[in-house]
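> Turn this into a model:
(2 chains)
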Protein chains: 2
Amino acid sequence: MLIKVNRKELAKHIQIVQKAISQRTTMQILEGIKISAKENTLILTATDTEISIETRLSAIVEREGDFVINSRLFGDIVRKLENDIIDINIENYNMNLKCGDSIFNLSTQKADEYPDLPRVEENTEIKISAKDIKNIVKKTTFAVSTDESRIVFTGVFMDIRRDYINFVALDGFRMAIQKLEKQTGIEESIIIPARSLNELVKIIEDDEDISINISRNNIVFKFGDTVFYSTLLSGEFFSYTALLRDEHSISTSVSRKEFQLAVERASLLAREDRANLIKLNVENSHIDIKSNSEIGDVFEKVKSSEHDNTLDIAFNSRYILDGVKILEAEEINLNFTDSVNPLIITETDDASYIYLVLPVRLAG
Amino acid sequence: MLIKVNRKELAKHIQIVQKAISQRTTMQILEGIKISAKENTLILTATDTEISIETRLSAIVEREGDFVINSRLFGDIVRKLENDIIDINIENYNMNLKCGDSIFNLSTQKADEYPDLPRVEENTEIKISAKDIKNIVKKTTFAVSTDESRIVFTGVFMDIRRDYINFVALDGFRMAIQKLEKQTGIEESIIIPARSLNELVKIIEDDEDISINISRNNIVFKFGDTVFYSTLLSGEFFSYTALLRDEHSISTSVSRKEFQLAVERASLLAREDRANLIKLNVENSHIDIKSNSEIGDVFEKVKSSEHDNTLDIAFNSRYILDGVKILEAEEINLNFTDSVNPLIITETDDASYIYLVLPVRLAG
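Model prediction:
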């Protein structure tokens, strides 16, 4: 194999496939990137068996071939070189790399031993803008469970209906739902590992359209020169719609920032070892927030829109804050039913996002 | 005690004294800040027994008094409050704090139990600009030893001569000397813990003059409203001037950036477990840098100014990089004697800084 390639382009594409390299793999070959050169194209592939990425760039290919090279070492070298053009020559699994006054000789591995990419039937295709994908990931993945023993809840449920898609994440204490209006023409539900979505958004660019294909075990995202594969989680998800009710005994609106800061201050005394407990007294035109620990207590008062009923309810402040601090709206709605049913938080001027927090039941 | 204080000013001064709060103290009182209110001034004090800081701000003091409060909790509360004015009332060691719609009740500790500040005789005084102090700290503290068993080498040696001061740090592998021209009128040498200097530069502002007083066991830095105390390390320092020679078999200059990048690339194969070994062949108009490991080898060539002799010499690349990457000069001088004596690195257009690296002796 003998090629000439632009250094910056190669560095950029290595950085893309590196998102599929696991830090803690036990298979040595998976620490590598597979690089194939043919027809004046380099194809870079990496996989950790859950996420796989393939990306392409132009190069002058004087002799075709392929090889596997340690991802971190090769990435560091290409990033730190200075000249525009890199010459790579591979003979007998030995790479000779030249760039300006730098010469590297590195041993490579056989490309045959590298795992194949997943096979995906190209049937249904959904297009979502990168901006929407980033919003969905930001507003859902933080709410997934970290408990590996119930693996389906470490993923985001993608519930595709004919004219919308719901993205749902939950962990038994709270639930986040982002709805996307979209004429899909199909009805299908899958569970995507949250980790895959978090890696995906690191490499998509803001103005791209992402084309999505779904097969039995995989989801594929295509954008620019890159194809991003993720395995799906199999299992039964929670029937989340049962938790959503339209009628609430109290629906009131507050300034997002004021509410967030008041809960944050109350949390300073709501210690981890006591479940970050804060108590809310929802009065007719304001909400009092209280918390205490052995070192003292705190009282906060947040103005709210007027409403009829009052309620005393307690929460783990962390779960409230997680959901409130990712919102951008100036005003948010707080919808209460009673002291044992969830608080439903929405943005006042945008109904597409719903965040639901279970209260803490107090003894007595 | 009853006071009214500007929230932002208080937050800023808490942040200053927090630099003296240790994360891992076993004395509970040292997790606290001591606050004294008198004559319309708040005096904040904190200490970890090595570093002590006192800082003052104006406040409306309606009833004088003093107390100790947990530094982190109090700092977090003040930082997260929203209104401009904080009212604090302390009765029977209970603090009542009000700010806008927030009310905190916190227990405090007796100020009598807090350690006293060091006593310092105000005799010699040296003034150094904040800019010079920052430069000295940046160019020396990285080179101190981390070996606590030889405690004097974890400090920076401040060697005060009548018309200059040398700041010296070394760890047995390399040595950094920053010289400051200054009419001090005295001759005295002290050792300042590197940690103290690193904390000091976090709180001094660029346009300040720092007034320095030295007594038997302490050094005191005064600036603005703040006094920063550090204990000194006692013991014999290394007679560093013996290592400095003016005659070298090779004195050559290189582009700092080119040399740094070439050493960085060579280091990618110079592995930690093999002492980051790189080999330099100093030729008449260029320096070849080589390194290898089981995965491959690398050759780099850096242009240098012409000179007569040639030399083969080996280094731990980390020690070269540590000293080169903090320099700003475009061109640096490399001064070699032979393969067993140190390389002396200086900036071509500024003789005030000297960085010295011992070579690695190769077998055979």
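
> which one is A:Glu199 nearest to, not counting chain neighbours?
A:Lys19 (4.5 Å; CB to CB, 6 or more residues apart in numbering or on different chains). Using the backbone N, CA and C atoms, a C-beta is placed for each residue, glycine as well.

> Excluding chain neighbours, what is closest to whatever residue of the stretch 101-250 of chain A ends up closest to chain B?
In the stretch 101-250 of chain A, the residue that lies nearest chain B is A:Leu106 (3.7 Å; CB to the nearest CB). Computed as CB to CB, 6+ apart, the closest residue to A:Leu106 that is not its neighbour in sequence is B:Gly296, at 3.7 Å.

> A:Val282 too?
According to CB to CB, 6+ apart, the nearest residue to A:Val282 is A:Leu311 (4.4 Å).

> Next, find the distance separating that neighbour from A:His286.
Using CB to CB, to the nearest Å, we find A:Leu311 at a distance of 13 Å from A:His286.

> circling back: what is the neighbour count of the residue nearest to A:Glu199?
By the measure other CB atoms under 10 Å in any protein chain shown, the count of residues near A:Lys19 is 17.

> quick one: it and A:Val201 touch, right?
No. Counting by CB atoms under 8 Å, A:Lys19 sits too far from A:Val201 to count as a contact (10.0 Å).

> Get me the contact residues on chain A for chain B.
Counting by CB under 8 Å from any CB of the partner chain, the residues of chain A close to chain B are A:70, A:73, A:76-77, A:80-82, A:95, A:101-107, A:258, A:261-262, A:264-265, A:268-269, A:295-302.

> Could you tell me the end-to-end distance of stretch A:325-334?
Counting by CA to CA, to the nearest Å, the length from the leading to the trailing residue of stretch A:325-334 is 14 Å.

> buried set for that stretch?
A:326-327, A:329, A:332-334 (16 or more other CB atoms under 10 Å in any protein chain shown).

> circling back to that earlier point, list the contacts for the residue of the stretch 101-250 of chain A closest to chain B?
The contact partners of A:Leu106, by CB atoms under 8 Å, 6 or more residues apart in numbering or on different chains, come to A:69, A:73-74, A:94-95, A:97, B:295-296.

> please redo it, this time with the cut-off set to 10 Å
For A:Leu106, the contact set (CB atoms under 10 Å, 6 or more residues apart in numbering or on different chains) comprises A:67, A:69-70, A:73-74, A:77, A:88, A:90, A:93-97, B:269, B:293, B:295-298.

> which is the next helix or strand following the helix or strand it falls within?
Assessed by DSSP states H and E, A:Leu106 sits inside strand A:102-107. Toward the C-terminus, strand A:102-107 is succeeded by strand A:125-129 as the next helix or strand (DSSP H and E).

> Relative to that next one, what are the paired strands and their orientations?
Note on strand A:125-129: by DSSP bridges, its sheet partners are strand A:209-214 (antiparallel).

> does A:Gly75 sit in a helix, a strand or a coil?
helix (DSSP: H, G, I helix; E, B strand; the rest coil).

> so who does it touch?
A:10-11, A:14-15, A:17-18, A:21, A:33, A:69 are the contacts of A:Gly75 under CB under 10 Å, 6+ apart.

> Recalculate using a threshold of 7 Å.
Neighbouring residues of A:Gly75 by CB atoms under 7 Å, 6 or more residues apart in numbering or on different chains: A:14-15, A:18.

> Can you tell me which of these is nearest chain B?
Out of these, the member with the shortest distance to chain B (by CB to the nearest CB) is A:Ile14, at 13.9 Å.

> For the closest one, which non-adjacent residue is spatially closest?
A:Gly75 (4.7 Å).

> where's the one you found relative to A:Gly32, distance?
In terms of CB to CB, A:Gly75 sits 11 Å off from A:Gly32.

> For the most centrally placed residue in chain A, give me the pLDDT.
Chain A has A:Asn198 as the residue nearest its centroid, 2.8 Å off, counting by CA atoms, centre = their mean. Looking at A:Asn198, its pLDDT is 98.

> Near the residue of the stretch 151-300 of chain A found nearest chain B, how many other residues are there?
Chain B sits closest to A:Gly296 of the stretch 151-300 of chain A, with a gap of 3.7 Å, by CB to the nearest CB. Number of residues near A:Gly296 (other CB under 10 Å) recorded here: 22.

> ok so, going back, quick check: the residue nearest to the centre of chain A is in a helix.
Yes. Counting by three-state DSSP, A:Asn198 is part of a helix.

> quick one, phi/psi of the closest residue to it other than its chain neighbours?
The shortest distance from A:Asn198 to any non-neighbouring residue, by CB to CB, 6+ apart, is to A:Thr141 (5.6 Å). Here is the backbone geometry of A:Thr141 (degrees, to the nearest 10): phi -60, psi -30.

> Tell me the pLDDT of A:Thr141.
98.

> for A:Asp273, same thing?
pLDDT, A:Asp273: 67.

> Return the residues in contact with A:Ser249.
A:309, A:336-338.

> domains for chain A, by residue range?
Residue ranges for the domains of chain A, per automatic domain parsing: A:2-113, A:125-242, A:245-357.

> which residues does A:Ser304 contact?
Residues in contact with A:Ser304 (CB under 7 Å, 6+ apart) are A:252-254, A:285-287.

> Of these, which qualify as buried by neighbour count?
Going by neighbour count (16+ other CB under 10 Å), the contacts of A:Ser304 have A:252-254, A:287 buried.

> Turn these into a markdown table, including secondary structure and pLDDT.
Listed next are the buried ones among the contacts of A:Ser304 as a markdown table, based on DSSP: H, G, I helix; E, B strand; the rest coil; pLDDT from 0 to 100:
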| residue | secondary structure | pLDDT |
| --- | --- | --- |
| A:Thr252 | strand | 97 |
| A:Ser253 | strand | 97 |
| A:Val254 | strand | 98 |
| A:Ile287 | strand | 98 |
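
> Check those residues and tell me the two furthest apart.
The two members of these with the most space between them (CB to CB) are A:Ser253 and A:Ile287, at 11.0 Å.

> Give me the contacts around stretch A:308-315.
A:249-250, A:277-284, A:336, A:338-339, A:357, A:359-360, A:362.

> Now, those that are in helices?
With DSSP state H as the criterion, helices contain none of the contacts of stretch A:308-315.

> filter the residues you listed to the buried ones?
With burial judged by 16+ other CB under 10 Å, the buried subset of those is A:250, A:277-280, A:282-283, A:336, A:357, A:359-360.

> Now, the contacts of A:Leu106 that are in strands?
Applying DSSP state E to those, the entries found in strands are A:67, A:69-70, A:88, A:90, A:94-97, B:293, B:296-298.

> Mark which of those are buried, thanks.
Among the ones in strands among the contacts of A:Leu106, those buried by neighbour count (16+ other CB under 10 Å) are A:67, A:69-70, A:88, A:90, A:95, A:97, B:293, B:296, B:298.

> what would the residues you listed look like in JSON lines with distance to A:Gln178?
Converted to JSON lines, those look like this (distance: CB to CB, whole Å):
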{"residue": "A:Phe67", "distance to A:Gln178": "42"}
{"residue": "A:Ile69", "distance to A:Gln178": "39"}
{"residue": "A:Asn70", "distance to A:Gln178": "38"}
{"residue": "A:Ile88", "distance to A:Gln178": "44"}
{"residue": "A:Ile90", "distance to A:Gln178": "46"}
{"residue": "A:Met95", "distance to A:Gln178": "45"}
{"residue": "A:Leu97", "distance to A:Gln178": "45"}
{"residue": "B:Ser293", "distance to A:Gln178": "48"}
{"residue": "B:Gly296", "distance to A:Gln178": "47"}
{"residue": "B:Val298", "distance to A:Gln178": "48"}
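
> What is the burial count for A:Lys134?
A:Lys134 has 15 nearby residues by other CB under 10 Å.
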